[in-house]
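Student: Need coordinates for the below:
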Amino acid sequence: MRAERVAVVTGGAGGLGAAIGAHLSASADVVLLADRDVDGARTQADRIDRAQAHELDVADDASVEAFVNDVGERFGRIDVVVNNAAVTAPRELDSLQRETWERVMAVNVWGPTALCRAAAGLWRSTGTGGRVVNITSRTWLSGGPVAYVTSKAGVVGLTRSLALEFAPLGVTVNAVAPSMVATPFTRTGRTEAEYAAFEAKHLAMTPMGRFATPDDIAGAVGFLASPGAGFITGEVLHVCGGAQLAPSP
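Tutor: Residues are numbered from 1 along each chain as shown. Presented below is the predicted three-dimensional model:
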């Protein structure tokens, strides 16, 4: 099967990945929701037109290479890569173990790096250009859970570096930095009381007075993946209702 426009969304089993996939399905012939949890990705794909599920562990080089090779053989191209897959870790430095740190970096930083490296082979051979959108976090500006925030700051550096390297291929590389989105991911490692305090803190720091939604993030990704964003690269688009701004004195 050959397609005119193929989009890949990692972390496709989650709510945010599914929302991004649904948004991209309006302009792509094929949307591949890729995740270690392939059953979860399949459940999400069943709800989206032109979406398919694919197993992918972004922290495993063999899995990434096999995935990109399969996409190349089946569709002949990749037009959009959305690096959304992520894991988090304990918030305090004292409770952070090296193996946890390495896992966060492997998924959150190496994963996008490896997928882009593999996809670059297709971009070089097809000459079609493409779009990369990396999901970072508003916390890269403010700090927070040390491993997670360090990894998301690394994604910003990766975005800027790849924007330079991929520009001759006609590939733009940008990042979307959401503030808090109420998904199961944001509850990870928090008790109900901790999560309630977390919500209250983020609501208080958001000038627009509400949380981001998956659709808010998906809309920003869709714009950066669109033809209208063809001369935008190396940018970080904050989708957080003004929470990226310094508070008033």
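
Student: tell me the pLDDT at the residue positioned nearest the centre of the chain?
Tutor: Residue closest to the average C-alpha location in the chain (C-alpha atoms, centre = their mean): residue 84, at 2.1 Å. Residue 84 is assigned 98 on the pLDDT scale.

Student: List the contacts of it.
Tutor: Contact analysis of residue 84 by C-beta atoms under 8 Å, 6 or more residues apart in numbering lists 9-12, 14, 16-17, 20, 135. Placement of C-beta: from N, CA and C, glycine included.

Student: Those: which two are farthest apart?
Tutor: For the contacts of residue 84, the farthest-apart pair by C-beta to C-beta is 12 and 135; their separation is 12.2 Å.

Student: measure the residue nearest to the centre of the chain to residue 9 for me?
Tutor: Per C-beta to C-beta, to the nearest Å, residue 84 is found 6 Å from residue 9.

Student: Overlap in contacts, the two.
Tutor: 17, 20.

Student: number of nearby residues for the nearest residue to residue 90 once chain neighbours are set aside?
Tutor: Nearest residue to residue 90 in three dimensions, chain neighbours excluded: residue 96, at 5.4 Å (C-beta to C-beta, 6 or more residues apart in numbering). By other C-beta atoms under 10 Å, 16 other residues sit near residue 96.

Student: Comparing residue 12 and residue 135, which residue is more hemmed in?
Tutor: residue 12 (32 against 26).

Student: Verify the stated contact: that one with residue 22.
Tutor: No: using C-beta atoms under 8 Å, residue 12 is not in contact with residue 22; the gap is 10.6 Å.

Student: Which pLDDT value belongs to the nearest residue to residue 126 once chain neighbours are set aside?
Tutor: With sequence-adjacent residues excluded and distances taken as C-beta to C-beta, 6+ apart, residue 126 is closest to residue 77, at 5.3 Å. Looking at residue 77, its pLDDT reads 96.

Student: Next, count neighbours for residue 77.
Tutor: 20.

Student: Helices of this protein, residue ranges please.
Tutor: Counting by DSSP state H, one finds helices in the chain at the ranges 15-24, 38-45, 61-75, 98-105, 111-126, 139-142, 146-166, 184-187, 192-204, 214-224.

Student: Those: lowest mean pLDDT?
Tutor: When I compare the helices of the chain, helix 184-187 is least confident, with a mean of 68.

Student: Point out the most buried one among the helices of the chain.
Tutor: Most buried of the helices of the chain by mean neighbour count (mean count of other C-beta atoms under 10 Å) is helix 15-24; its value is a mean of 26.

Student: what's next to that helix, contact-wise?
Tutor: 7, 9-12, 31, 33, 35, 41, 44-45, 47-48, 51, 80, 82, 84-85, 135, 181, 183-185, 214-215, 217-219, 221-222, 225.

Student: Can you get me a residue count around residue 136?
Tutor: Neighbours of residue 136 (other C-beta under 10 Å): 28.

Student: ok, it touching residue 174?
Tutor: No: Residue 136 is not in contact with residue 174 according to C-beta under 8 Å; the separation is 10.1 Å.

Student: re earlier: what's the spacing between the residue nearest to the centre of the chain and residue 204?
Tutor: In this view, residue 84 and residue 204 are 27 Å apart by C-beta to C-beta.

Student: now residue 63
Tutor: 41 Å.

Student: just residue 10 next, same as before
Tutor: Counting by C-beta to C-beta, the gap from residue 10 to residue 204 is 32 Å.
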